[in-house]
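A.B. asks: predicted structure and sequence below. I'll ask about it afterward.
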Amino acid sequence: MAKQYTVAILGATGAVGTRMIEQLEQSTIPVGEIHLLASSRSAGKTLYFKGEPVTIEEAVPDSFNGVDLVLASAGGSVSGRLLPEAVKRGAVCVDNTSFFRMNDNVPLVVPEVNPDALANHNGIIANPNCSTIQMVVALEPVRQKFGLNQIIVSTYQAAGGAGQSAINELYREAQEKIDGKEMQAEILPVKGDKKHYPLAFNLLPQIDVFEDADYTHEEWKMIHETKKIMYGDKNSTDIKVTATCVRVPVPIGHGETVYFTTEKQPTPDEIRQSLTGAAGVVVQDDPAHQIYPQPITAEGSRDTFVGRIRADVENPGAYHMWVVSDNLLKGAAWNTVQIAEELVARDLVHVPAGSAELFN
């Protein structure tokens, strides 16, 4: 009989956590037992896995006793505190937060791009930022065939990237504006920052806090994560990457304009051909019939949609593309479960000796 796995979902009640449950239900992972973990506020409530009721447990270190796989999306501080405890107890963890992404002992993985990095895990694997994931899925086939020199990306990121509360606030603000009331902003651009601005009928050129060189943390994440995923080094000089990240009044589904330069000079049709049939990619690119990716049609799909592929007519070897994906699925829940599927398929659901000490 094939091995069955005991799986824990940390942050099971959140926007990503509930989708992790759904994606795990549909996955190839043979789940023998499921534990749904959350804060003490949610403990005792009931969620469902494959139609069966599961009581939510408070997440504490001993919650991971006997667990094989942990899928985590409960916030960086929670992951930082609890995942090393899970590793000590023999669980392999896939973390959707940013806490471990830049840790040199932690692989940062997108299965369509760098699944072999899983072989070097030390008990924790990091799921990249949602906006990074869809971009590297779209660009990796191009990189493999034509090489990449530079990426300049501008993102159009949905409210859902900041959680269900931000989606709720977007809807409320929109209704307030329609009703002629003053919009009350309490969450965006950053809940813990000094000022808050409405997202409804607006654009916010700030995602996360401002850091070095007046880039936001989100922009630096895209830069360093892309280098780590594609080249194995968060500070790689093999490619130049820069980003401008913007929050837009869309509930779910990130869009990105990606400008890139290649080592070879393919035609746009050759780029389309490299993407057609690539894992996780759907090409929607027929301008004559107004066919191109849109968040409203990408919602609910695991795929990354690519269109508006065209050459920069002023600069040979430079190209544009438009990339859209459901940020809560491919950008979070599905990529996390997909990593877990790869771990199972490669028989990597075990913690190497000495791993726990790396996260003390």
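C.D. replies: Nice, I can see it.
A.B. asks: only C-alpha atoms from now on, for both contacts and neighbour counts.
C.D. replies: Fine.
A.B. asks: return the alpha-carbon coordinates of the helix or strand where Val337 lies using CSV.
C.D. replies: For Val337, the host element (DSSP states H and E) is helix 334-345. Below are the C-alpha coordinates for helix 334-345, written out as CSV (Å, rounded to 0.1, in the frame of the first residue of the first chain):
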residue,chain,number,x,y,z
TRP,A,334,-1.5,26.0,-5.5
ASN,A,335,2.3,26.7,-5.7
THR,A,336,2.6,25.6,-2.1
VAL,A,337,0.7,22.3,-2.7
GLN,A,338,2.5,21.8,-6.0
ILE,A,339,5.8,22.0,-4.1
ALA,A,340,4.5,19.4,-1.7
GLU,A,341,3.5,17.2,-4.6
GLU,A,342,7.0,17.4,-5.9
LEU,A,343,8.4,16.5,-2.5
VAL,A,344,6.2,13.4,-2.4
ALA,A,345,7.0,12.4,-6.0
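A.B. asks: now tell me what touches it from outside.
C.D. replies: 19-20, 23-24, 27-29, 69, 71, 94-96, 109-111, 115, 118, 127, 302, 328-329, 349 (Cα atoms under 8 Å, 6 or more residues apart in numbering).
A.B. asks: now these: which count as buried?
C.D. replies: Among these, those buried by neighbour count (16 or more other Cα atoms under 10 Å) are 19-20, 23-24, 29, 69, 71, 94-96, 109-111, 115, 118, 127, 302, 328-329, 349.
A.B. asks: mark which of these are part of helices, please.
C.D. replies: With DSSP state H as the criterion, helices contain 19-20, 23-24 from among those.
A.B. asks: between which two of these is the distance greatest?
C.D. replies: Arg19 and Leu24 (8.4 Å; Cα to Cα).
A.B. asks: run through the bridge partners of the residue nearest to Ser325 when sequence neighbours are not counted.
C.D. replies: Closest residue to Ser325 apart from its sequence neighbours, by Cα to Cα, 6 or more residues apart in numbering: Thr304 at 4.9 Å. Beta bridges link Thr304 to Val281, Ser325, judged by DSSP bridges.
A.B. asks: you'd agree Thr304 is up against Val281?
C.D. replies: Yes. Here Thr304 reaches Val281: they are 4.9 Å apart, a contact under Cα atoms under 8 Å.
A.B. asks: list the residues that contact both of the two?
C.D. replies: Counting by Cα under 8 Å, 6+ apart, the residues touching both Thr304 and Val281 are 137-138.
A.B. asks: which one of those two has more residues nearby?
C.D. replies: Comparing Thr304 with Val281 by other Cα atoms under 10 Å, the one with more neighbours is Thr304, at 25 against 22.
A.B. asks: contacts only, for the more buried one.
C.D. replies: 134, 137-138, 280-282, 298, 323-326, 330.
A.B. asks: pLDDT weak spots in the protein?
C.D. replies: For the chain, the stretches with pLDDT under 70 are 1.
A.B. asks: break it down into its structural domains.
C.D. replies: According to automatic domain parsing, the chain comprises the domains 5-127+333-359, 132-327.
A.B. asks: just the strands in this protein please.
C.D. replies: Counting by DSSP state E, the chain has strands at residues 5-10, 31-38, 46-49, 52-55, 57-58, 69-72, 92-95, 124-126, 150-157, 240-247, 254-261, 281-283, 304-311, 318-325.
A.B. asks: Pro198 is nearest to which of the ones you listed?
C.D. replies: Using Cα to Cα, those put strand 240-247 closest to Pro198, at 10.6 Å.
A.B. asks: now the contacts of Thr304 in CSV, with distance to Pro266?
C.D. replies: Shown next, in CSV, are the contacts of Thr304 (distance: Cα to Cα, whole Å):
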residue, distance to Pro266
Gln134, 22
Val137, 19
Ala138, 16
Gly280, 22
Val281, 19
Val282, 20
Ala298, 28
Val323, 19
Val324, 23
Ser325, 25
Asp326, 29
Lys330, 28
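A.B. asks: and of those residues, the nearest to Ile167?
C.D. replies: Looking across the contacts of Thr304 and measuring by Cα to Cα, the closest to Ile167 is Asp326, at 14.0 Å.
A.B. asks: mind listing what the closest one touches?
C.D. replies: 252-254, 295, 298-304.
A.B. asks: then Ala59?
C.D. replies: Taking Cα under 8 Å, 6+ apart, we find Ala59 in contact with 10, 37-40.
A.B. asks: of these, grab the buried ones for PyMOL.
C.D. replies: Only the buried entries of those go into this PyMOL selection, using 16+ other Cα under 10 Å:
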select buried, resi 10+37+38+39
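A.B. asks: just give me the closest of the contacts of Ala59 to Gln265.
C.D. replies: Taking Cα to Cα as the measure, Gln265 lies nearest Leu10 of the contacts of Ala59, at 45.7 Å.
A.B. asks: quick one: the closest one from Asn202, how far?
C.D. replies: 33 Å (Cα to Cα, to the nearest Å).
A.B. asks: repeat for Pro128
C.D. replies: Separation of Pro128 from Asn202 (Cα to Cα) stands at 27 Å.
A.B. asks: thinking again about what came up before, off-centre distance for the helix holding Val337?
C.D. replies: 13 Å (Cα atoms, centre = their mean, to the nearest Å).
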